[in-house]
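Novice: model this:
(3 chains, ligands or ions: 4)
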Amino acid sequence: MDSANGSHEDATLLLAIKDAEISTLRQQMAQLADDLKRNLAVLATKDDEAIKLRNTVDGLRAVLAEKDSLFSQFQAQVQELELFRVQESEQRLATEQLLAAKQKEWAQQLEAGQQGREAEVAALRQQLKDSEEKWLEQLMQARQTALDESMQRSTQQQSALEREAEHVQRLQQQLDMLGSSLAVKEAELEAAHRQLGAALDTTQKMEATHAQAVSAKDALIAQLQQQLEQQASSIAASTGDHENNMTKLIKSINEMQQSCQAQSLEVQEYASAQKKLRDERKVLREQMRQMETTITKLQTEKGVLEAALQHEVTAQAGAQAQLNIFQAKLTEAVVELEKRCAAAETRSTKLMSQLVEERGRLVDAVIEQANSSTPQLAAELAKSLEADRLRTQAELQGERLTSQRGSGGLAGLVSELQSDVDKLQQQLHSSRRQLNWQGQQSSAVESLNAGSDGALRRPDSSGSHMPRRHASSSSNSPARNHGQHSMHSPSNRTPLRHSSSLADAAGGAAAASPGSAAAGGASEELHDALRYLLNRTEQLSLENGALRTQLLDQGPPANTVHHSHKATAAGALDAGRSPQHHHLQQHSSPRSKNSKGAGGSPYARLAANSYHRIAAAAADGASDGEDDSSSMQNVDKEKVKRIVYEMSKDSAHFKNEQRKQAQVDVRIAQLKARAASLSQAELAAHQKAADAKLAQLEAGRDLSRTWLHADMDAFYASVEELDRPDLASKPMAVGGMGMITTANYEARKFGVRSAMPGFIARKLCPQLVFVKPDFRKYEAASAATREVFKLYDPHFVAGSLDEAYLDVTDYCAAHSMTGEQVAAALRAGVEAATRLTCSVGVAPNATLAKVASDLNKPNGQALVGSSREAVMAFVQDLPIRKVPGIGKVSEQTLNALGITSCGHLLQQRALISALFSSISSHFFLSAGLGLGATQHGSSRGDEGGAGAGGGVSRKGISCERTFANMSSPAEMEKMAETLVQHLAADMESEGIAAKTLTLKLKTTDFAVRTRAVTLPGHVHMPQQMLPPVLKLLRAELPCEIRLMGVRGSALRRVVTTGDALDAAAAGGRLNALQRMILQGRRQQQQQGEAADQQEGQQQQQQQQDGGQCAAAGEESGQHAQHMEEHRAAAAALSYDVLDLLDEDDEDEEGIGRSDVGCSHAGFGDDDEGAAAWGWRLPALLVQMQLHMHRVP
DNA sequence: CGGATCGAC
DNA sequence: CTATGTCGATCCG
Ligand SMILES: Nc1ncnc2c1ncn2[C@H]1C[C@H](O)[C@@H](COP(=O)(O)OP(=O)(O)OP(=O)(O)O)O1
Ligand SMILES: [Mg+2]
Ligand SMILES: [Mg+2]
Ligand SMILES: [Mg+2]
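Specialist: Ligands and ions are numbered 1, 2, ... in the order given. From the prediction side, this is the model:
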């Protein structure tokens, strides 16, 4: 029992112990299980991480695939590029070959002839332009940009790849770290496992389930481990793949880079090849250009010839018709002549018999008388009579012979004429052949130039007026010319014959008479009879001559009626022109740098102006084309034009010029349309009117006066050279980078001109020295010259600072000098006084003198003779542009009508009369006749006259400024204010007030806008002028401008209020209103609102409108109103005094003008001297002739 | 009268 | 970069 109890107790104790052990083991198990769980969780997270990693790796792979495809795309592109390049080089080669071929062809065809040449040039040009220039350059650019882009892209890709590689590396590192942590965990797990194993060993029996679980766990763990290992290996593999890919990628990138470099090398090569090509192209272009110039030359020639040929064809058609008529008439005339000869012969025989009879009777009578007186004397008389009879008989015989010879010569004449006709026909044929040829040429040329310059070409260029000129000289027609030149002119020959035979006859009679004079009164009868006979024979011969002249004149009088306009006019002009050329003399001083050959017209070259010839786009608007080539042969005009165009073409200014030119073109086109639509009747009517006008003008022509026009040479520049003699030999201009006022003659050799922007001038002449203008110096120099002018004409008319008109008629008379001598003296005098040179024109009127002064420009003089013939000869070929008042636009307009010279002005008088205003036609016709002002001061247009001038000679006064582009309203208003202040100051110093104010704006695109107000009264103070100006300005906002200007007009002399009113009061001439105003002003207080003070109220209104005090606002409307009234009253008092005074004040003495004008920086050259006489040249001319107009 | 244009220096 | 300033005449709406 005890032992059993004891063993039982032992067993229970052991069991307890075992139980405890088991519980501890269980605890340990639980712990282990926890551990396992934790490990499993860790493993799960690792798993997640692995999955994530795989995802990222997948992503990476996708990226890599993307990159791969990109890369392949890129490669494809590169291949494409390569392909393009190859194609291009092929095409380049092809074009090169083509070019070479074409070049050869050119060379051949150039020699071969002109026909193929032009077509080929067109084709080549096309090819050159299209395939070479555009295509190649564009393609190249495209390639280059594509290459650049792909290069950029590849570098971008490369960097992206690099970034990717970095990323992969980082991932790898992470993987490594993960691997190592996995290993650690593994070791830990193994340890735990071993512990577990040991624990299991101890509890194997009791805890089979536990063991099973543990083994299951083990298996699981193994599985996990396997998975992990797989993962690790797969990751490793993928990273390996990655690495492989990476290296591949890097390799390919390197390859790409290399290929890129190679490509860029190739591109460079290509570029250099292109450069070469370009050079070649340049050469080709040069050749092209040369060819083009020759082609344009040919073209113009063609134009000339074509038009001429057309004219000739028509003229010849006419001539042929005429010739037919003429031949018919000729035969008629021959018949008639023969008839007349026969009649004449019969008459002469009859006369002979009469003569014999008469003589017999006379002899009988004489013999009777002699018988009754002295037989000796009778015998002598009989003898002399007999001799006389014989002689007259012989003469008659001679006459008969000559008449016979005449009829005999008639046949010769007819044959001669026939040969002429033949010649004409030959000419006709040859010119027709030429025409055909030219027609072919022209069509070729036209196709060549089609589209290249058509858009900007002027409607009428030299191509059209040149032929007209040609035609006009040839439309006198070969037939007539022949008649006038190959034979003597009929109008000359007849009187010549007439007078010479008369003289002969008279001489014969005189020689015959001395012997018979002794016969006394008895023989006088006899002589009378003889004279009668002689006269009859004379008449006979005259008839004969007349017949011949009629023959030569190729048409019976009835026919001439139709032609009479042309014929008589042309005849008159011819008569005036041809023999008198020597009247146009040109004298240069011995020191004159350019003495010109006399005789030939100095404008011949100008007429063939090359202005339009260079690419029309380049020339049009780029310059005024005013240059006179005769004085400046050294100027390379083409180059100048090119440079000016190059500098201009992209500027806003140029665009504006083009816009304006387009407008002009439209107007000209309309004018031409109107000209074309004129009916014959209308033209005839205008022709008549113009003829009447011409007659009237001609009647007023005054050749009795001698005018000089003196114009200083390069005035501002020369004055500057006085102070800086070193500049005299260098090219120099007065002005700045923005604008040049003038240049010395050295600079002009480079094409530098007045009104040219300085930066363009510097392009033309890099050494050009710029000098800032100093107007006071020029005024001083001008004054010095005028001191000299005064000596020769105390009433000389100053045209500007640098020129003057002098009527030296009286001086010439007083010193018995010619105009030329006075001119020489004047030039010497000016130079002595100022060390400045001038050029002088001498002529019978002011206008011609001005034209002449320009002919021998630097330091020379020229004369237009004081005869109608000399004037007409001078004017005949004078280019219209030379006429003062005809500028660029008028020139173009007239050119469109075929008028290039003053002679044409007369020829086209009907058109002129029809198309232009009466004042313009007056002007043009006067120019055509070479008329101009011959007197100054005679018509009294000036000086305090008739109230219209308001006591002021000038019509307006203004102030304007150019500045950096401006759009801010505040800034603009400030500018307006300073301008108004300047203007007010100028007006103050001139003592004038204005009723009309004009604001001028020039927008940044050079378009000019003007806006004007006319105020109810005159203003001259800035406070009064600013508000209206601001109002005008505000109406234009918003805008961006480069210039602003203010101008006052409707001027009147101003009298300060005090002065005016006091003076008026002193004169007792105040009316009630004025007295009231005076009172109001003195009190400076509210004035009674007189019923008739409308002016003041208007002023007030104006003030409010003026905007400055639109502040009539919130609080004290009453007060503001009051203030306004005050202000208005003050305004009325201060600026409108004269407007309130009686009209009779208006013709008070003119106010003295101060001679200082622009004190500021403008280039203006203010003509105060001209103002003194009130004449400007066109005005002078027009007024003169209006004056003449009124006289009859 | 207002606006644009032309011409000249 | 960079294209004037002043004045008169004329035309047209
Ligand atoms: N477009 C202009 N703008 C401003 N000032 C000018 C302009 N043209 C000329 N002037 C000034 C400068 C000139 O020296 C002066 C006289 O002009 P002008 O007689 O025509 O030329 P010029 O005296 O300089 O040379 P020349 O008479 O020898 O041809 O007027
Ligand atoms: Mg001059
Ligand atoms: Mg001048
Ligand atoms: Mg002119």
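Novice: On the three-state scheme, A:Pro794 is what?
Specialist: Three-state call for A:Pro794 (DSSP: H, G, I helix; E, B strand; the rest coil): coil.
Novice: Show the contacting residues for it.
Specialist: By Cβ atoms under 8 Å, 6 or more residues apart in numbering, no residues touch A:Pro794. C-betas here are computed from N, CA, C, even on glycine.
Novice: how far away is it from A:Asp810?
Specialist: From A:Pro794 over to A:Asp810 the distance is 9 Å, taken as Cβ to Cβ, to the nearest Å.
Novice: go on, A:Gln892?
Specialist: Taking Cβ to Cβ, one finds A:Gln892 at 41 Å from A:Asp810.
Novice: Spell out which parts of the stretch 601-750 of chain A neighbour DNA strand C.
Specialist: Contact residues (Cβ under 7 Å from any atom of the strand) of the stretch 601-750 of chain A with DNA strand C: A:644, A:647-648, A:651, A:653-654, A:657, A:737-739, A:741.
Novice: Counting only helices, which of these make the cut?
Specialist: With DSSP state H as the criterion, helices contain A:644, A:647-648, A:653-654, A:657 from among those.
Novice: which SS state does A:Ile886 fall under?
Specialist: Following three-state DSSP, we place A:Ile886 in the coil state.
Novice: can you count the residues close to it?
Specialist: Neighbours of A:Ile886 under the rule other Cβ atoms under 10 Å: 20.
Novice: List the residues that contact it.
Specialist: A:880, A:894, A:927.
Novice: Select from these every entry located in helices.
Specialist: Under the assignment DSSP H, the contacts of A:Ile886 contribute A:894, A:927 to helices.
Novice: Any chance of a PyMOL selection covering the buried ones in the contacts of A:Ile886?
Specialist: Applying 16 or more other Cβ atoms under 10 Å to those, the buried members can be selected in PyMOL as follows:
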select buried, chain A and resi 880+894+927
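Novice: filter the contacts of A:Ile886 by proximity to ligand 1?
Specialist: Among those, no residue lies close to ligand 1 (Cβ under 6 Å from any ligand atom).
Novice: Next, format the contacts of A:Ile886 as JSON lines and append pLDDT.
Specialist: Listed next are the contacts of A:Ile886 as JSON lines, based on pLDDT from 0 to 100:
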{"residue": "A:Ile880", "pLDDT": "98"}
{"residue": "A:Leu894", "pLDDT": "98"}
{"residue": "A:Ala927", "pLDDT": "98"}
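Novice: can you redo the contacts of A:Ile886 as TSV with distance to A:Ser839?
Specialist: What follows is those, written out as TSV (distance: Cβ to Cβ, whole Å):
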residue	distance to A:Ser839
A:Ile880	21
A:Leu894	26
A:Ala927	21
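Novice: Kindly indicate which of the contacts of A:Ile886 lies nearest ligand 1.
Specialist: Nearest to ligand 1, judged by Cβ to the nearest ligand atom, of those is A:Ile880 at 18.5 Å.
Novice: for ligand 1, what are the nearby residues on chain A?
Specialist: Checking chain A against ligand 1 by Cβ under 6 Å from any ligand atom, the hits are A:711-716, A:741-742, A:754-755, A:802, A:857, A:1163, A:1165.
Novice: run the last query once more with 5 Å
Specialist: A:711, A:713-716, A:741-742, A:754-755, A:802, A:1163, A:1165 (Cβ under 5 Å from any ligand atom).
Novice: Write out the residues of the stretch 51-200 of chain A neighbouring DNA strand C.
Specialist: So the stretch 51-200 of chain A never meets DNA strand C (Cβ under 7 Å from any atom of the strand).
Novice: right, and the helix or strand after the helix or strand where A:Thr978 lies?
Specialist: Under the criterion of DSSP states H and E, A:Thr978 resides in helix A:969-990. Going down the chain from helix A:969-990, the next helix or strand is strand A:992-1003, by DSSP H and E.
Novice: which neighbours does that following strand have in its sheet, and in what orientation?
Specialist: strand A:1008-1019 (antiparallel), strand A:1041-1053 (antiparallel) (DSSP bridges).
Novice: mind checking which of those strands is nearest A:Lys1000?
Specialist: A:Lys1000 lies closest, by Cβ to Cβ, to one member of those: strand A:1041-1053, at 3.7 Å.
Novice: what mean pLDDT would you report for the closest one?
Specialist: Averaged across strand A:1041-1053, the pLDDT comes to 98.
Novice: circling back to that earlier point, dump the residues of chain A next to ligand 1 into JSON lines; add neighbour count, distance to A:Phe775 and secondary structure as well.
Specialist: Shown next, in JSON lines, are the residues of chain A next to ligand 1 (neighbours: other Cβ atoms under 10 Å; distance: Cβ to Cβ, whole Å; DSSP: H, G, I helix; E, B strand; the rest coil):
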{"residue": "A:Asp711", "neighbour count": "19", "distance to A:Phe775": "18", "secondary structure": "strand"}
{"residue": "A:Asp713", "neighbour count": "18", "distance to A:Phe775": "18", "secondary structure": "coil"}
{"residue": "A:Ala714", "neighbour count": "25", "distance to A:Phe775": "16", "secondary structure": "coil"}
{"residue": "A:Phe715", "neighbour count": "23", "distance to A:Phe775": "11", "secondary structure": "helix"}
{"residue": "A:Tyr716", "neighbour count": "28", "distance to A:Phe775": "9", "secondary structure": "helix"}
{"residue": "A:Thr741", "neighbour count": "21", "distance to A:Phe775": "10", "secondary structure": "strand"}
{"residue": "A:Thr742", "neighbour count": "26", "distance to A:Phe775": "13", "secondary structure": "strand"}
{"residue": "A:Ser754", "neighbour count": "18", "distance to A:Phe775": "15", "secondary structure": "coil"}
{"residue": "A:Ala755", "neighbour count": "12", "distance to A:Phe775": "17", "secondary structure": "coil"}
{"residue": "A:Asp802", "neighbour count": "23", "distance to A:Phe775": "12", "secondary structure": "coil"}
{"residue": "A:Phe1163", "neighbour count": "17", "distance to A:Phe775": "8", "secondary structure": "coil"}
{"residue": "A:Asp1165", "neighbour count": "18", "distance to A:Phe775": "8", "secondary structure": "coil"}
